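> just coords:
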């Protein structure tokens, strides 16, 4: 029954004909092209309005192995306006304070090139130092927490482990990461394993 109701709700969800022209323009020129990041940002807002609790957006082709000078400007153009519009739209509707938005990936990129060619080069996976951003949902606005060294290679100030990020996100969602555990292979695990601390500076 739930699956049926979810499927029958899709046509209304994806029909954006009732959105104002001002809203569509806010998300940018790609908003009317299904599958684009802009269109998906608008759908994310519409899903959130309908009570969907977890929404994940991808940018397909967000890669930097081959041609950073060519690809990075296009990738940034794809996401810059729509992601800003999503935050503005959530705030306009009074939803941002109750919606936690996270932007990030599973690793960063090296500060050095993969190629000797200064015009066509890529950058490899780099787990030592990278950034994410958070908005809404009780996050302290307008701050930067942590810093890398001058080369962007290693952490220099206030490192945040992924377990710390998860603990902080769970705290913002009203969940104590130290209390919620599950048993697996004879041992109790918690949502952040045996690690993680809430970064209080990130909490409003």
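Thanks, I have it. Quantities reported herein were computed from a predicted structural model and do not represent experimental measurements.
> Number of residues surrounding residue 17?
4 (other CB atoms under 10 Å). C-beta here means a position set from N, CA and C on the backbone, and glycine is covered the same way.
> do the one 5 residues further on as well
Look at residue 22: counted by other CB under 10 Å, it has 7 neighbours.
> Can you report phi and psi for it?
Per-residue torsions, residue 22: phi -60, psi -40 (degrees, to the nearest 10).
> same question, residue 191
Dihedral angles (degrees, to the nearest 10) for residue 191: phi -60, psi -30.
> pLDDT score for the spatially most central residue of the chain?
Computing the C-alpha centroid of the chain and ranking residues by CA atoms, centre = their mean puts residue 103 first, at 2.2 Å. With respect to pLDDT, residue 103 has a value of 96.
> And for residue 166?
Value for residue 166, per-residue pLDDT: 95.
> And residue 187, by the same measure?
Per the predicted model, pLDDT is 89 at residue 187.
> Use 405 as the first number from now on
Renumbered: residue one is now 405, and that last one reads residue 591.
> Which strand residues bridge it?
Counting by DSSP bridges, residue 591 is bridged to residue 588.
> Next, count neighbours for it.
9.
> quick one: buried residues of the lengthiest helix in the chain?
Across the chain, the longest stretch assigned as helix under DSSP state H is helix 472-496. By 16 or more other CB atoms under 10 Å, the buried positions in helix 472-496 come out as 472, 475, 479, 482-483, 485-487, 489-491, 493-494.
> Show me what whichever strand or helix holds residue 447 is in contact with.
When elements are assigned from DSSP states H and E, residue 447 belongs to helix 441-453. In this structure, residues lying in contact with helix 441-453 by CB atoms under 8 Å, 6 or more residues apart in numbering are 417-418, 420, 423, 427-428, 431-437, 459, 461, 463, 482-483, 485-487, 489-490, 493-494, 497, 499, 503.
> between it and helix 472-496, how many degrees?
30 degrees (axes from the mean of the first three to the mean of the last three CA atoms, to 10 degrees).
> Next, the buried residues of helix 441-453.
Buried residues in helix 441-453 (16+ other CB under 10 Å): 441, 442, 443, 444, 445, 446, 447, 448, 449, 450, 451, 452.
> nearest to residue 407, of these?
Nearest to residue 407, judged by CB to CB, of the buried residues of helix 441-453 is residue 451 at 16.3 Å.
> and residue 470, how many neighbours?
Counted by other CB under 10 Å, the residues lying close to residue 470 total 13.
> Spit out the contact partners of it.
Counting by CB under 8 Å, 6+ apart, residue 470 has contacts 524, 526.
> if you set the cut-off to 10 Å instead, what comes out?
Residues in contact with residue 470 (CB atoms under 10 Å, 6 or more residues apart in numbering) are 518, 519, 524, 525, 526, 527.
> one step back: could you list every helix and strand in contact with the longest helix of the chain?
helix 425-431, helix 441-453, strand 505-507, strand 537-539 (3 or more CB pairs under 10 Å, 6 or more residues apart in numbering; DSSP states H and E).
> Run the chain-centre distance for the second one.
Taking the mean of its C-alpha atoms, helix 441-453 sits 13 Å from the chain's own mean (CA atoms, centre = their mean, to the nearest Å).
> so for it, what's the average pLDDT?
97.
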